[in-house]
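Visitor: Need the 3D shape of this:
(chains A and B)
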Amino acid sequence: MRASRLHLVTYREDPADAEVVSHRLMARAGLIFKMGSGMYAYSPLLWRAIRKATNIVRRELDASGCLELQLPILQDKSLWEETGRWEKYKAAGVMLSTTDRKGTTFGLAPTAEEVVTAFMRATTKSYKQLPVTVYQVHTKFRDEIRPRFGLLRVKEFLMMDAYSFDVDDAALDITYEELRKAYHRVFRGMGMEAFGVEADSGDFGGSGSMEFMIPASTGEDTILYEEASGYAANVEKATSQFAAPEGADEAPRDLHVEDTPNVRTCEELNGFFPDVPVHRMVKTLLYKAVHHDHEELWACLIRGDQQANEIKLRNHTGGLALEMLTDEEIRQHTGAKQGFAGPINMPEAFNIVADVTVEGMTNLLCGVNETDKHALDVNIGRDFPVPTFADFRTAREGEPGPSGEPLKLEKGIEAGHIFKLGTEYTAAMGATFMGQTGKPQPMVMGCYGIGVSRCVAAAVEQHSDDNGIVWPVPLAPFEAVVAVLKPKKAEMLAHGEAIYASLQAKGIEVMLDDRPLSPGAKFRDLELMGFPYVIVVGRDIDEGVVEFKVRATNETDKIAIDDAVSTVVERVTAERTGLLER
RNA sequence: CGGGGCGUAGCGCAGUCUGGUAGCGCACUUGACUGGGGGUCAAGUGGUCGUAGGUUCAAAUCCUAUCGCCCCGACCA
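Guide: Take a look at the predicted model:
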């Protein structure tokens, strides 16, 4: 393609709302055009990159025996009601919906388990047809609370979603493992190192799931990992070991209630009682769990030096959503101001649970649901009933992980997620097949997603410098550019066109930059757009010399014009497969 | 959902407090000179000032409503 015909537009200034590097650079390079909050037009240049990312996904999934199909974006509400997820997604605020002229309500696909299960239900009769894994690359919609960071968090995006159907759990395990490997090939094939981490299964349910994270300082997810053991988990799911409660063998002392006016935090309480360290206090966090037809009150006890993990707690409550009580609700339910809730005199309406760090604590300090008062030397079982103990705490960097190594922290962009769903959806929707035994049984399902448009943004997030984007070759909109510095000079242009034609003949995706820009403007522009290799046809052309520029290093070599094509071909073909072993 | 802020040319912004001819930079068009790191000069194009209503002789500016966008918070007991 000729640059003069590519509708290239670049900007010298950053957009006012760009916070992260990929957003900034993609906007400046004219790759994305904002149409509204969380909605972007993709430029022709960006679409080339997205198409390449899509094709890498296709290549690896096809190699794993997956079948591409296409499912509707408009999905009937009643289909989602079969699995109970309409309520769930509405409660979570994720589902965008619309209605047709008859008043029928449709969801705009945030994902497609229901639709694909309905498809398989209608088309699968026998175990002989299984296993089947289908996938599509299609637009998805999510009503994000707060779209931001350019293409990294948007309301409308391009996603690959795959769904596997197996005869039993053992068969699912094999399929899941196959897809896990394919996922690593996909990310490596894009030129990125993604690592798999244990993840919360979120709204999908199911027995196992793994997220694929692309390390980036601006990532919205936090990963905790152990260096040697290979343990890595999303902070939403991560566990760590903790020190046993201090004074476990102390004799219980008599409970006494003291005045603690206007305290709000454990640190402030510590000011009143310097002898009681924060880790001998118990915080009482008050929540409501929202279910589809009712709300429940929950109180979670946790040691003063620990932080609650609301995802773990929500999973325990089984609610669709978990919300902290407002100050007003706290007053209404406990009669006390915010800051004084406690397991003592707790209204019966509350379900009380406690984090495992609370188990075994003695002579602790906690609230008594009375404004401006706290109790000291409280003992579990004696002063309040023994609650259910479980892991409700947030693991933190530096704490010993499951294998005992100190946990390290890394920020990442969630690029993919794989789940073992089991029969949750197929059973609910009656998607059964005739087994070998002659009895109908539900298909065992897995689901798998890759944020294709997000991956492309993540690639920019990971590969850039002060001058702009540095595309990895597998995603680059063009693998190479032939830049003619003075396109008005017919002879120079002819040399450029000859190199361009040869590269094309060799199968290189090449752009001829024939735009009449000043050399400085042209160099900056090409660097901003981030093409991996540039052959500069300039002042030395009369001596038969051109320049070979490497975007990643910004190094320039003068080479003979006759070597230009072979140099580019060699470099590009070496990098086309990303990080895959050849 | 709570708090704060912003809507003025394609982009980035000033002008609003104190009502009186709508501006600047970039980009874009034409011409000339340039030609290896966003070059120079000259002449131009482009805006119902988010929308609707109100006050006023007069509204980008004041008032009301509304729509949109951005940021922070929503891990506090």
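Visitor: C-alpha only now, for contacts and for neighbours.
Guide: OK.
Visitor: Look at stretch A:213-231 and report the distance between its end residues.
Guide: 14 Å (CA to CA, to the nearest Å).
Visitor: and that stretch with RNA strand B, contact?
Guide: No. No part of stretch A:213-231 sits near RNA strand B under the criterion CA under 7 Å from any atom of the strand; the closest distance found is 10.9 Å.
Visitor: can you list contacts of that stretch?
Guide: Here stretch A:213-231 makes contact (CA atoms under 8 Å, 6 or more residues apart in numbering) with A:20, A:192-197, A:232-235, A:238, A:396-397, A:401-403, A:405-416, A:458, A:461-462.
Visitor: likewise stretch A:510-530?
Guide: With CA under 8 Å, 6+ apart as the test, stretch A:510-530 has contacts from A:1-4, A:10, A:25, A:28-29, A:467-471, A:476, A:478-488, A:493, A:496-497, A:500, A:503-504, A:551.
Visitor: how about 7 Å then?
Guide: In this structure, residues lying in contact with stretch A:510-530 by CA atoms under 7 Å, 6 or more residues apart in numbering are A:1-4, A:29, A:467-471, A:478-487, A:500, A:503-504, A:551.
Visitor: rewinding a little: near RNA strand B, which of the contacts of stretch A:213-231 show up?
Guide: The overlap between those and the neighbourhood of RNA strand B (criterion: CA under 7 Å from any atom of the strand) is empty.
Visitor: Just these: which are in strands?
Guide: Secondary-structure check on the contacts of stretch A:213-231 using DSSP state E: residues within strands are A:195-197, A:232-234, A:408-416.
Visitor: from these, which is closest to RNA strand B?
Guide: When these are compared for distance to RNA strand B, the smallest value, 11.4 Å, is given by A:N234; criterion: CA to the nearest atom of the strand.
Visitor: that older thread, and the ones in strands among the contacts of stretch A:213-231, which of them are buried?
Guide: With neighbours counted using 16 or more other CA atoms under 10 Å, these contain these buried positions: A:195-197, A:232-234, A:408-416.
Visitor: Find the closest residue to RNA strand B in the stretch 101-250 of chain A.
Guide: Taking CA to the nearest atom of the strand, RNA strand B has its nearest neighbour within the stretch 101-250 of chain A at A:R148, 5.1 Å off.
Visitor: which residues does that residue form a beta bridge with?
Guide: When bridges are assigned using DSSP bridges, the partners listed for A:R148 are A:R153.
Visitor: Check the gap between it and A:K128 for me.
Guide: Distance from A:R148 to A:K128, counting by CA to CA: 47 Å.
Visitor: ok, which pair from the buried ones among the ones in strands among the contacts of stretch A:213-231 is furthest apart?
Guide: Largest separation among those by CA to CA: A:K408 and A:G416, giving 21.5 Å.
Visitor: mind checking pLDDT for A:L325?
Guide: Looking at A:L325, its pLDDT stands at 84.
Visitor: A:P44 too?
Guide: Among the per-residue scores, A:P44 shows a pLDDT of 95.
Visitor: Next, it: phi, psi?
Guide: In this entry, A:P44 is assigned phi and psi values of phi -50, psi -40 (degrees, to the nearest 10).
Visitor: next one: the one 5 residues further on
Guide: Comment: the main-chain dihedrals of A:A49 come out as phi -70, psi -40, following degrees, to the nearest 10.
Visitor: who's more crowded, A:R148 and A:K128?
Guide: For the pair A:R148 and A:K128, the greater number of neighbours falls to A:R148 (18 against 12), based on other CA atoms under 10 Å.
Visitor: For A:A457, see how far away the more buried one is.
Guide: Applying CA to CA to A:R148 and A:A457 gives a distance of 12 Å.
Visitor: Run through the bridge partners of A:K288.
Guide: Taking DSSP bridges as the rule, A:K288 bridges to A:L297, A:E323.
Visitor: how much space between it and A:I352?
Guide: According to CA to CA, A:K288 stands 12 Å off from A:I352.
Visitor: try A:E424
Guide: Applying CA to CA to A:E424 and A:I352 gives a distance of 29 Å.
Visitor: which of those two has more neighbours?
Guide: When neighbours are counted by other CA under 10 Å, A:E424 and A:I352 differ, and A:I352 comes out ahead with 21 against 16.
Visitor: So for the more buried one, what's the nearest residue that isn't a sequence neighbour?
Guide: Using CA to CA, 6 or more residues apart in numbering and skipping the chain neighbours, the partner closest in space to A:I352 is A:A299 (4.8 Å).
Visitor: counting contacts, what elements does the host helix or strand of the one you found pack onto?
Guide: Following DSSP states H and E, one finds A:A299 within strand A:295-303. In terms of contacts (3 or more CA pairs under 7 Å, 6 or more residues apart in numbering; DSSP states H and E), strand A:295-303 is packed against strand A:282-290, strand A:350-355.
Visitor: Give the rounded mean pLDDT of the first one.
Guide: Mean pLDDT, computed over strand A:282-290, is 88.
Visitor: so what does it touch, helix or strand wise?
Guide: Packing contacts for strand A:282-290, counted by 3+ CA pairs under 7 Å, 6+ apart, involve strand A:295-303, strand A:321-324, strand A:364-367.
Visitor: most tightly surrounded among those strands?
Guide: Neighbour counts averaged per stretch over the helices and strands packed on strand A:282-290 are highest for strand A:364-367, at a mean of 27; criterion: mean count of other CA atoms under 10 Å.
Visitor: I'd like the next helix or strand past that strand.
Guide: Following strand A:364-367 toward the C-terminus (DSSP H and E): strand A:373-378.
Visitor: Strand partners (parallel or antiparallel) of that following strand?
Guide: Within its sheet, and counting by DSSP bridges, strand A:373-378 is paired with strand A:256-259 (antiparallel), strand A:364-367 (antiparallel).
Visitor: Which stretches in the stretch 1-150 of chain A count as helices?
Guide: Along the stretch 1-150 of chain A, the stretches classed as helices by DSSP state H, counting those that start in this stretch are A:21-28, A:44-63, A:77-82, A:85-91, A:113-123.
Visitor: between those helices, which one is nearest to A:D372?
Guide: Distances from A:D372 to each of those were compared by CA to CA, and the smallest falls on helix A:85-91, at 35.6 Å.
Visitor: and the closest one, what's its mean pLDDT?
Guide: For helix A:85-91, the mean confidence score works out to 83.
Visitor: what's the answer for stretch A:543-560, then?
Guide: Confidence over stretch A:543-560 (mean pLDDT, whole number) is 97.
Visitor: outside of that stretch, which residues touch it?
Guide: For stretch A:543-560, contacts defined as CA under 7 Å, 6+ apart pick out A:470, A:527, A:530-538, A:540, A:561.
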